[in-house]
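Novice: sharing a sequence plus its predicted fold:
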Amino acid sequence: MIARRRWLAHCSASLLAGPFLAAWPSLAPAARAARPQTILVVGDSLSAEYGLQRGSGWVALLATRLAHDYPEATVINASISGDTTAGGLARLPALLRQHRPTLVMLELGGNDALRGLPLDTTRSNLIEMAKMVKAVGARLLILGMQIPPNYGRSYGERFAAMFDEVSRSQGAALVPFLLKGVADGPQADSMFQADRIHPVASAHPIILANVWPVLEPLLK
């Protein structure tokens with residue numbers, strides 16, 4: 001009876017995974033190793049160059065650095081200004097099928113907080129996206145965020161801790177605070193555009209400097 005239950009559970013899992021993984025014939029380790037590095041960035045306005053000249057955001061700066069240090073790697077920026085974790089969750093399956101990334105960076109959650117969405121919903125969406133990324137054999141890097149203190153200390157602490165919780169539970173790499181040295185630095189007032197939300201171009205090399213030490217080991 002136990003053996004039969006295990007067999008049925010295996011069949012059920014295979015049926016559930018089938019529709020999403022059917023388009024992924026290269027999931028075998030040897031096939032993945034032969035593929036070039038394709039980095040997919042799924043984020044919001046912080047990664048979509050909101051209010052900046054094209055090519056001056058941190059993702060574009062990353063592409064330039066990769067061209068020098070890892071010329072075989074390709075960066076695809078699928079970030080959309082204003083996007084939430086729900087929007088990312090809805091878009092991610094098609095992006096994974098289209099681009100077949102070897103590594104995915106998730107930079108979402110800030111707009112959830114700005115809209116006052118429940119933390120449980122944001123956490124659940126991030127976990128579901130992490131599971132999708134792992135299911136196609138890609139590595140995952142989560143880019144954490146913090147919110148201004150006017151949202152309340154308790155909420156702010158729980159929001160920041162959420163990214164660490166998700167990364168630990170899903171075995172993902174983590175940049176704890178994408179805007180470290182920008183939002184909390186001595187020149188913070190000069191690091192943001194007039195809306196006080198989006199960093200100016202001169203802040204984006206700092207953002208890349210936060211990402212690179214965590215990202216580079218994943219490329220190797």
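Specialist: Perfect, thanks for sending it.
Novice: residues near residue 150, how many?
Specialist: Using other CB atoms under 10 Å, residue 150 has 6 other residues around it. No exception for glycine: its C-beta is placed from N, CA and C like everyone else's.
Novice: gap between it and residue 196?
Specialist: Counting by CB to CB, to the nearest Å, the gap from residue 150 to residue 196 is 11 Å.
Novice: kindly report the same for residue 82.
Specialist: Distance, residue 82 to residue 196, using CB to CB: 16 Å.
Novice: residue 208 and residue 63 touch, don't they?
Specialist: No - when contacts are counted by CB atoms under 8 Å, residue 208 is not listed as touching residue 63 (10.3 Å).
Novice: pLDDT-wise, which helix or strand of the chain ranks last?
Specialist: Least confident helix or strand, the chain: helix 2-21 with a mean of 40, by mean pLDDT, DSSP states H and E.
Novice: against which helices or strands is whichever strand or helix holds residue 169 packed?
Specialist: Under the criterion of DSSP states H and E, residue 169 resides in helix 153-170. For helix 153-170, the packing partners by 3 or more CB pairs under 8 Å, 6 or more residues apart in numbering; DSSP states H and E come out as helix 119-135, strand 139-143, strand 173-175.
Novice: quick one: which of these is nearest residue 37?
Specialist: In terms of CB to CB, the element of these nearest to residue 37 is strand 139-143, at 9.8 Å.
Novice: partner strands of the closest one, parallel or antiparallel?
Specialist: Paired neighbours of strand 139-143 in the sheet (DSSP bridges): strand 103-107 (parallel), strand 173-175 (parallel).
Novice: just to check, residue 143 is in contact with residue 176?
Specialist: No - in this structure residue 143 lies outside contact range of residue 176 using CB under 8 Å: 9.1 Å.
Novice: and these two? Which one has more around it.
Specialist: residue 143 (29 against 17).
Novice: so where's the chain uncertain?
Specialist: 1-35 (pLDDT under 70).
Novice: swap the cut-off to 80 and go again
Specialist: Scanning the chain for pLDDT under 80 picks out the ranges 1-35, 150.
Novice: residue closest to the middle of it?
Specialist: residue 106 (0.8 Å; CA atoms, centre = their mean).
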